[in-house]
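*Asks:* Need the 3D shape of this:
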Amino acid sequence: MTNFSWLYDGSIIGLYLLVTMIAGVYVRKFVGKVDDFLVAGREMNVYLGIASLAATEFGIVTCMYTAEAGYRYGFAGATPGIAMALSMLFIGYTGFCIKPLRDSGVITIPQLIERQFGPRVRWAAGVVIVLGGLLNMGVFLRVGGQFLIKITGFSETSFNVLGFQVGNLELMMTILLVGVATYTILGGMLSVLITDFLQFIVMSAGLIVVTLLILVYIGWDSLVMTVESNYGAGGFNPFVNPNLGWQYVLFQIFLNFAAVLTWQTTVARVLAAKDSKTGQKIYTRTAFFFVCRFLIPGIWGIAALYSLGQVTNSLEAMPTFLSTFVPVGIMGLCIAAMLAADMSTDSSYMLTWGSVIYNDIMAPFRKTQWPEKKGILVNRFIIALIGIFLLFYGLWYPLEGDVWTYLGITGTIYLASISVLLIACCYWKRANSWGAFASIIFSALIPAAFLILEKTPATAETAKAIGPYYSGIAAYVFSAVGMVVFSLLKPKGGEAQ
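*Replies:* Predicted coordinates:
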């Protein structure tokens, strides 16, 4: 039994979904060009950018993996949030890479990469960005569905639809996807920005209210004592946590710095900003949010540990706890907040990966510039295909280990090389296509090999011995070394273009 009420909580959720869909679909009439669809005509201001970035980078999957980190590692689980906040501050204040990127007027990072490394590198960069991004996003729907199933108390039974067995989890995933895809396909980035603003308000209200309930009824002292009794010093210091250690911290530094520089959904806000100064302000003023992004759901996870003790499935501990802790009425706000977070994340991710497919992977196949209407139609079709992929991938991919580690490794497939290529584009004139290809190969090969080893029964123990953090660090190091060594071995004049 849960505290979810179809009458009271369901009405709150229904009202929120109705307003969001109306707002998202309404702005479709303002989309007349591909630039409107992909970067909102580059008219985004600081405040809309802050709300949009914060809403995009906090989804149900975010809440689930950060709560799981709090449940499994205590306050030490917030380390990635600190690493990302510091990266946002540094890059925002200095304009490192993002200023020349925005000033270049490109729509995607590979478009800038082409200017130094040529069209083949641009295409390869687009492929690894989409590969890493879609593998990363592939688990979002399943995790979101798991949250909704647990917190509402739905059973996970299945029923027959046209000869196929469909469970409540799959049904939840499909409903989430169809709702988000509808307004994203119609309105593009304009719909994403408008709905993100609404979703940011609802999301923030839900996060604050639930956190206050936990602090009032469980108490800060009880949370601290829970972490101390279960994890000792390792619950506060990641360096002494036996499941984390220095390799975890170093991987988080590499991962989050690269993500702030090149994660397509984050950089999309810089590219859609009015100018580079606006983009920098969005970064600096959103930085602290990324600490809260890990800390607040982390507190929810610690509260679950306090209430439930050790459970078999750490990912589901938080929603199981909330299902009986949050009262009726507030439950509706909580679920609406999580739906707001999830819809803003999914819509932005679908749009940004689609923009790379259209702008970079399909570029060699467009001999002449397509008319605006055809370009928008193709982008909408790409987003629909992404949605279908996400639905089926989310149904069959079995998650092992904590979700954040999986996301970090799949993201590294492109983050390591694209961050190196972007830095080289902006600051190293001797970098060339030989170094770029070497960087891309190392970046994609090392994490992909780890994922394959992990899923192969004969090599699973080997992958476990290596560990995800060492393989992630290796990807960043070899990607940078590959760029430097191969660029110097093959100086410009012998380009691999």
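*Asks:* in stretch 200-218, what's buried?
*Replies:* By neighbour count on 16 or more other Cβ atoms under 10 Å, the buried set for stretch 200-218 is 200, 202-204, 206-207, 210-211, 213-214, 218. From N, CA and C alone the C-beta is placed, and that goes for glycine too.
*Asks:* of these, closest to residue 265?
*Replies:* Distances from residue 265 to the buried residues of stretch 200-218, taken as Cβ to Cβ, are shortest for residue 200 (14.6 Å).
*Asks:* name the element that closest one belongs to?
*Replies:* If you go by DSSP states H and E, residue 200 is part of helix 168-217.
*Asks:* now the next helix or strand after that helix: mean pLDDT?
*Replies:* Once helix 168-217 ends, the next helix or strand along the chain (criterion: DSSP H and E) is helix 220-231. For helix 220-231, mean pLDDT rounds to 95.
*Asks:* where does the closest residue in space to residue 89 that isn't next to it in sequence land on pLDDT?
*Replies:* Counting by Cβ to Cβ, 6 or more residues apart in numbering, residue 287 is the residue found nearest to residue 89 once chain neighbours are left out, at 4.6 Å. We have a pLDDT of 87 for residue 287.
*Asks:* Return the residues in contact with the residue nearest to residue 428 when sequence neighbours are not counted.
*Replies:* Once flanking residues are discounted, residue 428 sits nearest to residue 487: 8.0 Å by Cβ to Cβ, 6+ apart. Counting by Cβ atoms under 8 Å, 6 or more residues apart in numbering, residue 487 makes contact with 424, 428, 430-432, 434-435.
*Asks:* Output those residues as a markdown table; include the columns pLDDT.
*Replies:* Putting the contacts of residue 487 into a markdown table (pLDDT from 0 to 100) gives the following:
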| residue | pLDDT |
| --- | --- |
| 424 | 94 |
| 428 | 91 |
| 430 | 90 |
| 431 | 92 |
| 432 | 92 |
| 434 | 93 |
| 435 | 94 |
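*Asks:* Can you flag which of those residues belong to helices?
*Replies:* If you go by DSSP state H, the contacts of residue 487 have 424, 434-435 in helices.
*Asks:* Please enumerate the strands of the protein.
*Replies:* For the chain, the strands defined by DSSP state E cover 158-161, 164-167.
*Asks:* Please work out the average pLDDT along the first one.
*Replies:* Looking back up the chat, that one is strand 158-161. On average, the pLDDT along strand 158-161 is 55.
*Asks:* how close does residue 424 get to residue 307?
*Replies:* Distance, residue 424 to residue 307, using Cβ to Cβ, to the nearest Å: 50 Å.
*Asks:* more crowded one of the two?
*Replies:* A count of neighbours by other Cβ atoms under 10 Å puts residue 424 above the other of residue 424 and residue 307, at 23 against 17.
*Asks:* Excluding chain neighbours, what is closest to that one?
*Replies:* Nearest residue to residue 424 in three dimensions, chain neighbours excluded: residue 431, at 3.6 Å (Cβ to Cβ, 6+ apart).
*Asks:* Please tell me I have it right and the one you found contacts residue 483.
*Replies:* Yes - in this structure residue 431 lies within contact range of residue 483 using Cβ atoms under 8 Å: 6.3 Å.
*Asks:* so what's in contact with the two at the same time?
*Replies:* With Cβ under 8 Å, 6+ apart as the test, residue 431 and residue 483 both reach 421, 424.
*Asks:* more crowded one of the two?
*Replies:* Per other Cβ under 10 Å, whichever of residue 431 and residue 483 has more neighbours is residue 483, with 27 against 24.
*Asks:* re the thing from before, can you pull the contacts of the residue nearest to residue 424?
*Replies:* When contacts are counted by Cβ under 8 Å, 6+ apart, residue 431 touches 116-117, 421, 424-425, 483, 487.
*Asks:* how about residue 419, what does it touch?
*Replies:* 257-258, 261-262.
*Asks:* list the contacts for the closest residue to residue 349 other than its chain neighbours?
*Replies:* Using Cβ to Cβ, 6+ apart and skipping residues adjacent in sequence, the residue nearest residue 349 is residue 137, 5.0 Å away. Residues in contact with residue 137 (Cβ under 8 Å, 6+ apart) are 346, 349-350, 353, 390.
*Asks:* what's the most distant pair in these?
*Replies:* Distance extremes for these: the farthest pair is 346 and 353 at 11.0 Å, using Cβ to Cβ.
*Asks:* What about the nearest residue to residue 243 once chain neighbours are set aside, how many residues nearby?
*Replies:* Spatial nearest neighbour of residue 243, chain neighbours left out: residue 73 (6.7 Å); criterion: Cβ to Cβ, 6+ apart. Residues contacting residue 73 under the criterion other Cβ under 10 Å number 26.
*Asks:* Model confidence at residue 73, what's the number?
*Replies:* At residue 73, pLDDT is 94.
*Asks:* Tell me how far it lies from residue 241.
*Replies:* Residue 73 is 6 Å from residue 241, by Cβ to Cβ.
*Asks:* who touches both of these two?
*Replies:* Common neighbours of residue 73 and residue 241, using Cβ under 8 Å, 6+ apart, are 231, 234-235.
*Asks:* now, among these, which is nearest to residue 57?
*Replies:* Of the shared contacts of residue 73 and residue 241, the one sitting nearest to residue 57 (Cβ to Cβ) turns out to be residue 235, at 25.2 Å.
*Asks:* Where does pLDDT dip in the stretch 301-450 of the chain?
*Replies:* Along the stretch 301-450 of the chain, the model assigns pLDDT under 70 to residues 340-344, 367, 370, 394-402.
*Asks:* Spell out, range by range, the helices that occur in it.
*Replies:* 317-325, 330-356, 372-396, 403-427, 433-455 (DSSP state H, counting those that start in this stretch).
*Asks:* What residues sit buried inside the shortest one?
*Replies:* Using 16+ other Cβ under 10 Å as the test for burial, helix 317-325 gives 317-323, 325.
*Asks:* How about the contacts made by the residue positioned nearest the centre of the chain?
*Replies:* By Cα atoms, centre = their mean, the chain has its centre lying nearest to residue 57, at 5.8 Å. Applying Cβ under 8 Å, 6+ apart to residue 57 gives the contacts 265-266, 289-290, 293, 345.
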